[in-house]
Each structure stands twice: as structure tokens, then as C-alpha cells.
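**Student:** please find the sequence and the predicted model below.
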Amino acid sequence: MIILKPVSTSQIIKFIGRGEACTKLILRDEQDNTETTIVTDFSVSSYYLAASLVFDLKEGRTYNLTAYNNTDIVYKDKILCTSQTESDYSINDGEYIEHSTNNDYITL
């Protein structure tokens, strides 16, 4: 899973693909099922395909990433958009409340 921030500045995305070229990315928003196509050239750096791109992502959403070299799929992954730092990330941030119990039970 690739973690990106909901900012309008460029972010570096890198992955190990099935080949040494990537010409476009297709991002599909899992919540509203819309697709965005990003056409760019990736550079090869130590087995990684890397590019610095500006993404239009929304906080708390996940996206399906499909990378193409012309018509061939070279990589598939998921992108999570969050403003939390990776070390502090919790999927339940602000949503889960732990209920305390004394675990009383009756045996028959």
C-alpha cells in the first residue's frame, strides 16, 4: 500500500514494476468509482520506477492504482490518502471508543 498526503504539492511515488518503463497511471477512487488518468514519464532508480507528481486526492479515501506501459499493466496497488504521519496512523483514529468491562460471566 502506498500512503500519500492530501496536499496540492508534488509527491514522489515509486514502485517496482514489471519492466523498466511506465507511461501512465490510472487512479480509481473506491468510494465514488471515478477514474483519473495521469500521463507522465517515470525514471528508473535502483530497480524502482519513480516520478514526482501532483495528485488530487481526498483525505481518508483509498484509491486503486494501475500503472501502464502503453497498453501493458506493469503494476497494481492501493493508495491511502491520509494527513496522519505513518508512525501515528490508525484506521480507527477518532472513531473507535473502547468500552471497559469487568468480564463477569455465569457458568452453569
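**Tutor:** The structure has been received and is ready for your questions.
**Student:** tell me where this protein is predicted with low confidence.
**Tutor:** 86-99 (pLDDT under 70).
**Student:** spatially central residue in it, please.
**Tutor:** residue 79 (1.1 Å; Cα atoms, centre = their mean).
**Student:** that one and residue 65 touch, don't they?
**Tutor:** Yes - with contact defined as Cβ atoms under 8 Å, residue 79 reaches residue 65; the gap is 5.3 Å. Every C-beta, even on glycine, is put in place using the N, C-alpha and C of the backbone.
**Student:** overlap in contacts, those two.
**Tutor:** Common neighbours of residue 79 and residue 65 are listed as 2, 27 (criterion: Cβ atoms under 8 Å, 6 or more residues apart in numbering).
**Student:** can you give me the strands for this protein?
**Tutor:** Along the chain, counting by DSSP state E, strands occupy 2-4, 11-15, 24-29, 35-39, 43-45, 48-53, 62-69, 72-81.
**Student:** so what's the closest residue to residue 39 other than its chain neighbours up against?
**Tutor:** Closest residue in space to residue 39, ignoring its immediate chain neighbours: residue 24 at 4.7 Å, by Cβ to Cβ, 6 or more residues apart in numbering. Contacts for residue 24 (Cβ under 8 Å, 6+ apart) come out as 37, 38, 39, 40, 67, 68.
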